[in-house]
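# Structural data only, the sequence is not supplied:
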């Protein structure tokens with residue numbers, strides 16, 4: 001693990017600079033370690049992080065439209081097109097025609113897509129569960145509150 005030292009920090013009296021530096025440092029190291037396993041797995045399939053994000057959000061919202069996915073990911077249609085086309089062509093995602101609006105393309109993971117997402121996510125799940133058990137429910141609640149407060153609802 002990175003050399004992160006909390007012994008000299010008074011959490012009740014953090015100055016703005018300490019809060020910013022330590023929080024940013026921890027976010028960088030946590031993200032690096034959280035994404036390392038999926039990056040290695042995805043590379044075996046010729047995929048990257050964009051593929052992972054699409055698989056994840058489509059799994060959480062089966063039947064979502066391409067427009068909804070664009071909104072969640074906050075990317076352009078052109079950026080999404082190349083990545084989603086690869087996932088559809090290789091049968092990780094299926095695109096179905098909407099029942100009410102035939103212009104809609106509804107996205108769902110295939111069995112193959114679910115298996116890939118599971119393979120990608122297994123280590124991340126272990127990391128989160130281990131850290132959550134280690135830190136306890138109060139820490140989880142605080143962590144979620146901080147992350148939620150960092151999300152820009154305007155995007």
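Yes, it's here. All of these numbers come straight from a predicted model, not from anything done at the bench.
# Tell me the predicted confidence for residue 112.
Listed pLDDT for residue 112 reads 98.
# So it belongs to a helix, correct?
Yes: assignment of residue 112 by DSSP: H, G, I helix; E, B strand; the rest coil places it within a helix.
# what about the helices in the protein?
For the chain, helices defined by DSSP state H occupy the ranges 16-45, 49-60, 66-73, 77-89, 111-135, 137-150.
# For residue 98, find the nearest of those helices.
helix 66-73 (10.7 Å; CB to CB). For every residue, glycine as well, the C-beta is placed using N, CA and C.
# Now do that closest one: which elements does it pack against?
Contacts defined by 3 or more CB pairs under 8 Å, 6 or more residues apart in numbering; DSSP states H and E place helix 66-73 against helix 49-60, helix 77-89, strand 105-109.
# My guess is residue 91 contacts residue 112. True?
Yes: the pair residue 91 / residue 112 is scored as a contact, 5.5 Å apart, by CB atoms under 8 Å.
# Show me which of those two is the more surrounded one.
Neighbours per residue (other CB atoms under 10 Å) separate residue 91 from residue 112, with residue 112 holding more: 14 against 11.
# residues touching the most centrally placed residue in the chain, list them.
The chain has residue 53 as the residue nearest its centroid, 5.6 Å off, counting by CA atoms, centre = their mean. Residues counted as contacts of residue 53 (CB atoms under 8 Å, 6 or more residues apart in numbering) are residue 73.
# Residue 97 is in contact with residue 104, isn't it?
Yes: using CB under 8 Å, residue 97 is in contact with residue 104, at 7.1 Å.
# neighbour count winner among those two?
Ranked by neighbour count (other CB under 10 Å), residue 97 and residue 104 place residue 104 first, with 18 against 10.
# Run through this structure and note the low-pLDDT ranges.
Across the chain, residues meeting the criterion (pLDDT under 70) sit at 1-8, 154-155.
# ok, 90 please
1-19, 21-23, 25, 67, 74-77, 79, 96-105, 151-155 (pLDDT under 90).
# and the spatially closest residue to residue 88 that is not a sequence neighbour, how far is that from residue 134?
Take residue 88 and drop its neighbours on the chain: the residue closest to it by CB to CB, 6 or more residues apart in numbering is residue 95, 5.8 Å away. According to CB to CB, to the nearest Å, residue 95 and residue 134 sit 41 Å apart.
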